[in-house]
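A.B. asks: fold the following and give me the result.
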Amino acid sequence: MQTRGLLYEELNQIRRELNLMAARVEMDLGKALTVLHSGGKELVKEVKEGGQAVDALQLKIEDMALVLIATQQPVARDLRELLTVFKITSNLERIGDHCIHLVKAAARFSRKPPFRSVERIERMAKTGQEMLKAAFSAYLAQDVNAARKAAALDDIIDSEHKALTEEVLNLMKKKPELVKAAARLLKLSGFMERLGDHATNICEGIIYIGEGKHEKLNH
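C.D. replies: Residues are numbered from 1 along each chain as shown. So this is what the prediction gives:
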């Protein structure tokens, strides 16, 4: 009984650390949005430093999970959650990378916005923030239905990505001088589209924890 108590105590600590990691990524995404919308070069450095903090948390959390698996021999749902921890940290780390890509590009676009399509990038990033917040709320509550609802927000990101791609490609045909800037915007939109995919992967992990099945969402 004492061993089980230690398991749950350590598992709750991992959940708290994961929540810190997710909150850091969400905060960095918000900073990138600020730069995209109104500028602020000082935030670029902060987001880069945030990426380092996220990387450190990933290593810390994964080490905690490995020790717990090795020493407490969890089974059933507890084991599924500990295995899913690695999927969650990996996807959070990738989202953090996309935040850095966004803030770097945002610093350039804020000086001279080349297209109105930048507004679509803002909507994609805001939806990504909402997805991440909803996914972690679902994780902490262990609510698989909430996870499915969070994942459904990825449809908004995909729709914006598709519309932006069409807009920018048409503009490139009309104004070849904007090709270089347009290519950067398309690349950035692709990063935001993948951000949504990573958040969806986290939601899939929550479903695996709760139901023990690998369910593909929004594919």
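
A.B. asks: so which strand or helix has the residue positioned nearest the centre of the chain?
C.D. replies: Computing the C-alpha centroid of the chain and ranking residues by CA atoms, centre = their mean puts residue 95 first, at 3.7 Å. Here residue 95 sits within helix 76-111, counting by DSSP states H and E.

A.B. asks: what's the following helix or strand after that helix?
C.D. replies: helix 118-141.

A.B. asks: ok, now which ones touch residue 50?
C.D. replies: For residue 50, the contact set (CB atoms under 8 Å, 6 or more residues apart in numbering) comprises 24, 25, 27, 28, 31, 96, 99. C-betas here are computed from N, CA, C, even on glycine.

A.B. asks: buried stuff in the helix or strand hosting it?
C.D. replies: For residue 50, the host element (DSSP H and E) is helix 42-72. Burial within helix 42-72, assessed by neighbour count using 16 or more other CB atoms under 10 Å, is assigned to 43-44, 46-47, 50-51, 54, 57-58, 61, 64-65, 68, 72.

A.B. asks: and of those, the nearest to residue 171?
C.D. replies: Using CB to CB, residue 44 comes nearest to residue 171 of those, at 26.6 Å.

A.B. asks: any idea how far that closest one is from residue 109?
C.D. replies: 12 Å (CB to CB, to the nearest Å).

A.B. asks: ok so, going back, quick check, the residue nearest to the centre of the chain in contact with residue 197.
C.D. replies: No - counting by CB atoms under 8 Å, residue 95 stays clear of residue 197, with 9.7 Å between them.

A.B. asks: got the angle for the helix holding residue 95 vs helix 42-72?
C.D. replies: Per axes from the mean of the first three to the mean of the last three CA atoms, to 10 degrees, the angle that helix 76-111 makes with helix 42-72 is 170 degrees.

A.B. asks: got the angle for helix 76-111 vs helix 118-141?
C.D. replies: Orientation check (the same axes, to 10 degrees): helix 76-111 against helix 118-141 gives 160 degrees.
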